[in-house]
Every structure is written in structure tokens, then in C-alpha cells.
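A.B. asks: Sequence plus the predicted model coming up.
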Amino acid sequence: MKEESGNIGKSLEAAALIKVVKRQLEDVMDPELPFLSVSDMGILRDVIFENGHTICIITPTYSGCPATDVITKEVLAAARVMDPKSEVRIAMSPAWTTDWISDKAREKMTKNGIAPPEGLSHDRAFLTGDDRIIPCPICKSRDTNLVSPFGSTACKASFSCNKCLEPFEHFKCI
């Protein structure tokens, strides 16, 4: 019976450690969208407890994402504040999808002049930004124009608003 209660105690300690590490990681920002955390973006997939320490599982937004090294280092540094033995594991499968972006992140995108993804990732016809009306995140007009299916990063398209004349980026469904 003592062994069982010891295991329960260890499980509670592990759960508490996972919780504080997850909370710590809420402050790790996406280097390309610094108003969004890696948690908001769905890049942080999970925090687990294994072999006496936490493991932070992240999935880059795409396999060649140049921010992966920076994100990995920042996640590791933040996690190690709470668990000095923490490590980061990169999981490429399942592949990251815009479906994982939180509603809070979508609101923050709009507030920062980026039109968030609309629809679901399986809507592949929209990957280039064609055939959809994307509302302007600044004035909310639906009178917008696709300037280029590729913006500052591969996951964004460039638009302009015909009403307020402001350019803006749209985060495509991936």
C-alpha cells in the first residue's frame, strides 16, 4: 500500500510540474508574430512527464520553418526555469495546421492588422488565397483585393483594402 501511495504522490508532483511548465510556456512568443505565443499558435502541442522530467513537444508551422531553432531554444529556456532537466521534442507528425490556432490568437491577429485564417485546413483550394472574400482587419470592409497569394512568409497572402486603401496580410489555411 505504501508503494501505491508513493506512486500517487509522484503522479501528483508530475501533474503539478507539467502545469507550471505549461503556464511558463504561455509567455514564449512566436518570433514571426510576436504578439502571439507558441501556445496560441498551436505550435506547443503538449508537455509530458517522462523519465523524471518534462518534455515539451512542439510542431513547427512547416518543416522548413526558419524560426524552429529560435522557438526550440526559447521553449527550452522557459521550461527549464520550472524544470531544470526539461527537454524539447520536435514532432513533425501530425503536421501543424491552422486549425490549431486558438480563437484568442485569431482575435489578436485581427487586432494587429492580420486577417486570420478562415475555414478549415482541408479546404486546400484556398491555399493560394483565391476565391474567397477576406475582410479587411482594419476597417472590416469586404471590398478587398488579392495582391499576391504569397506574402512575407509562405503561410500568408497579401491583400489590399479598396475602402481604407491599407495593405494587409491574410494568414492562409494550411
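C.D. replies: The structure has been received and is ready for your questions.
A.B. asks: I'd like the next helix or strand past the lowest-mean-pLDDT helix or strand in the chain.
C.D. replies: Here the helix or strand of the chain ranked lowest by mean pLDDT, DSSP states H and E is helix 2-25, holding a mean of 76. Going down the chain from helix 2-25, the next helix or strand is strand 44-50, by DSSP states H and E.
A.B. asks: Please name the nearest non-neighbouring residue to A15.
C.D. replies: F49 (7.8 Å; C-beta to C-beta, 6 or more residues apart in numbering). (Glycine included, C-beta is placed from N, CA and C.)
A.B. asks: same question, M109
C.D. replies: P116 (4.3 Å).
A.B. asks: K172 touches C155, doesn't it?
C.D. replies: Yes. With contact defined as C-beta atoms under 8 Å, K172 reaches C155; the gap is 5.7 Å.
A.B. asks: Look at the two and report which has more neighbours.
C.D. replies: K172 (26 against 21; other C-beta atoms under 10 Å).
A.B. asks: What is the burial count for N112?
C.D. replies: Neighbours around N112, by other C-beta under 10 Å: 12.
A.B. asks: Touching, it and E32? I think so.
C.D. replies: No. N112 lies out of contact with E32 (C-beta under 8 Å); the separation is 12.0 Å.
A.B. asks: Residue ranges of each domain in the protein, please.
C.D. replies: 2-90, 98-171 (automatic domain parsing).
A.B. asks: among these, which gets the worst mean confidence?
C.D. replies: Confidence, taken as mean pLDDT, is least for domain 98-171 of the domains of the chain (a mean of 84).
A.B. asks: Contacts only, for the residue nearest to W100 when sequence neighbours are not counted.
C.D. replies: In space, and not counting its chain neighbours, W100 is closest to G42: 2.6 Å by C-beta to C-beta, 6+ apart. When the contact criterion is C-beta atoms under 8 Å, 6 or more residues apart in numbering, the partners of G42 are T59, W96, T97, D99, W100, I101, S102.
A.B. asks: The residue nearest the centre of the chain - nearest residue in space that isn't next to it in sequence?
C.D. replies: In the chain, the centroid-proximal residue (C-alpha atoms, centre = their mean) is M41; its distance is 1.6 Å. Distances taken as C-beta to C-beta, 6+ apart place D30 nearest to M41, at 5.3 Å, with adjacent residues excluded.
A.B. asks: repeat for I114
C.D. replies: E169 (5.2 Å).
A.B. asks: Quick check: the one you found touching F159?
C.D. replies: Yes. Between E169 and F159 there is a contact under C-beta under 8 Å: 7.2 Å.
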